[in-house]
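[1] How does the following fold in three dimensions:
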Amino acid sequence: MTRPVLRAALGALVLGIAAVPLPAQVLHLDRPRLEVGGDFDGSWFSYPQAPSSRLGTFREWFGIGIGGGIPHPGLFGFTATFYPRWTQQRRTEQLLDTAATASGTWVDYRIGASLLAALPASLSGWAQRTSGTEPDVFSGPRDYDVREFGGRFTLRSAYTPVRVEYIDRSLEETWFPDGRDVLIRDERLRTLRVDGRTRTITLYGERLDLEDRRDGRDFVSYLGNAAHELRWGWGSSIRSAVRYYDRTGFLPQQRLSWSEFLHLQHVPTVGTDWHYEQSWIEAGGGRQRYRAAGVQLTADPSPVLRLGAEGRGRWSRFPTGLRDEYVATPHVLLSVPLASQIQFTARASVGYEWQRLEPTADGLVDVVNELHVVDASGRFTLREPFADPLTVVVANSDETLVFQEDLDYRVVPLGDLLDVLVLPSGRIQTGDTVLVDYRFQLVPAARASGLLAAYGADLRIYSVTAYARRQTRNLDSPDPVGAFVLDYDDFTTGVSIRQRIGPGFVDLNGEYQRRELAADAFSTWAARAHLSVPIGLGFRPSVGGRISRSESGGGAREFRTVSGEAALEWMPTTAVRVRLRGNTFWWEDTPAVSERFWGAGLDAEFRTGRAQLQLLVDRGVWTEGFERETSRAVLRVRRSF
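    Have a look, this model is predicted:
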């Protein structure tokens, strides 16, 4: 190809111009950075009643980078890197006794500059491009061209707590199959941030402008936060916060919230907390308004006893109706040290709940950012009944990653409710916090009231903790339709052991959960173990495993998961690391699907000076209705100067 050659020449020209000798008082040049390397990545595939195949990929590269400033990097700095790569692939089919080969060339370069980096106002920019041919013996070579241009302006001052930053970034990615141009991505993202902080005030503003020149999914969003906090006395404080979010264009929505938190520490052992919040949300289902208020009293009459009471209310107004909720709950906590390293803790609460629902029109209600924490059962239930499963969207806690259905999770109907089942092969882990958006249908007018109860106890003996907890809700409704508030009975018990053994540690946990939700019930038990103990001479073995079983519908549906792993690591010095590992995995969703895997591998790394050698060997067998075997070997060598 001629284009990579021209780009290589352009990169060499830029580096050459940057290296033109100038007087020492004019040019400050850092030591050039050089790197050469290569690797081999081989894979072997085998399927039942099909020929096995081998695919080998060789890559070689070298790189050079320079940096410096005129006359100093703090005034005007520059960086430039240039990386050409060559790739070859070879595929061998055992049945046909034939081989296919392909090759490609890639050129990467990046040029950056900064102006007045050491001063309150600074300007920087960059240009980056990756282009070349990706060899593919299956479908033929594919040409790619990825370009990125950007600039950043930053204003900061030691005399004022305000920082302003503006970033303008453009990205274009093109694929050239069969001589045709196929635009994969073409977008421009402009970001303006204003951030200011003092001891009592926090201000933050952000504007995002995404111009999608490919699919037309443009949007502009504004985010603003303002918070103020004051403290006095024995620990009293007041905190006010306002948050605004507005998004126009693709998936428009608008959110505004105002909250007040007041903590009054009347005496060292008695305190009250007051809370008020008001918010507005406008999305596809129209404008929704929420108000919430609450008060909580806490008293510590003795070092082992804590008493409290809480009352809270929430008022929701939708375009299709209204909903009011009130809860009042007293509670008690007892924590008694029975002996050295032995602690007993018990807690209990009994409360009253009243709810009212009055629809005024047919329609769906938007739920935005409903928070759930994934527990050992690997599933959670959406709070609102009659939810539309096609509208469920699951994201991570900071809304930077939207998970994919049937890859990370699965939506399972459970009577009038929806369960979200976390898939073991996905990106959601136990203990993760996720945010869920969905829409639900209001039921006819109804009222419900009744009792809430929660109690539990923990016993900790050295590093062993046994616990048991139960939560119940029993509401009565005079209306024929009371399903908008469901009764539940949740019970959890378990034992955990966490102990350090010198430089090693042991972590064991066994837990059983039973949940009854209206007329539906499911149960889960799970056990987890992990042990890692160094044995001298740089050796550190570790072993771990997890087993769980969930049942719903009286045994009509079961989910079973078994996984295990073992490893032996040898690290006699910081320059040498060798790790042997093995793992197995079995997941079954009866009577639907079953999936099994076992595998083993070797990782090795050796460093000396500026040289690095890496070796990776993997072998695994997957069973998903049929069996397939995969093997992989990677050898990488890198040397920098």
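[2] Would you indicate which residues of stretch 633-641 are buried?
    Within stretch 633-641, the residues scored as buried using 16 or more other Cβ atoms under 10 Å are A633, V634, R636, R638. In this view, the C-beta of every residue, glycine as well, is placed from N, C-alpha and C.
[3] any idea which residue sits dead centre in this structure?
    Nearest residue to the geometric centre of the chain (Cα atoms, centre = their mean): N396, 4.8 Å.
[4] separation between that residue and V422?
    Separation of N396 from V422 (Cβ to Cβ, to the nearest Å): 13 Å.
[5] now E629
    28 Å.
[6] Looking at the two, which one has more neighbours?
    Regarding E629 and V422, a neighbour count based on other Cβ atoms under 10 Å identifies V422 as having more, with 22 against 15.
[7] The more buried one against I428, yeah?
    Yes - with contact defined as Cβ atoms under 8 Å, V422 counts as touching I428 (4.8 Å).
[8] which residues are common contacts for these two?
    Counting by Cβ atoms under 8 Å, 6 or more residues apart in numbering, the contacts common to V422 and I428 are V374, D408, Y409.
[9] Considering these, which possesses the most neighbours?
    Most neighbours among the shared contacts of V422 and I428, by other Cβ under 10 Å: Y409, with 25 neighbours.
[10] that older thread, CSV for the buried residues of stretch 633-641, including secondary structure, pLDDT and distance to F505?
    Shown next, in CSV, are those (DSSP: H, G, I helix; E, B strand; the rest coil; pLDDT from 0 to 100; distance: Cβ to Cβ, whole Å):
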residue, secondary structure, pLDDT, distance to F505
A633, strand, 91, 33
V634, strand, 91, 31
R636, strand, 91, 32
R638, strand, 90, 33
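[11] just the residues you listed now: which is nearest Y83?
    Distance to Y83, by Cβ to Cβ, is smallest for R638 among the buried residues of stretch 633-641, at 12.3 Å.
[12] quick one: the closest one and A611, what's the gap?
    Noted for R638: a distance of 7 Å to A611, by Cβ to Cβ.
[13] Same question for D490.
    Distance from D490 to A611, by Cβ to Cβ: 57 Å.
[14] quick one: which of those two has more around it?
    Neighbour comparison, D490 and A611: the larger count goes to D490, with 15 against 12 (by other Cβ under 10 Å).
[15] Test my guess that the more buried one contacts F522.
    No - using Cβ under 8 Å, D490 makes no contact with F522, being 10.8 Å away.
[16] Need the residues touching each of the two.
    R514, R515.
[17] and T329, bridged to which residues?
    E310 (DSSP bridges).
[18] just A446 next, same as before
    Applying DSSP bridges, one finds that A446 bridges with L357.
[19] the strands in the stretch 251-400 of the chain, which residues?
    Secondary structure of the stretch 251-400 of the chain (DSSP state E, counting those that start in this stretch): strands at 253-267, 270-283, 286-302, 305-318, 321-339, 342-359, 364-373, 379-381, 393-396.
[20] Looking at the ones you listed, which one is packed in the most?
    When you average the neighbours per residue for each of the strands of the stretch 251-400 of the chain (mean count of other Cβ atoms under 10 Å), strand 379-381 leads with a mean of 20.
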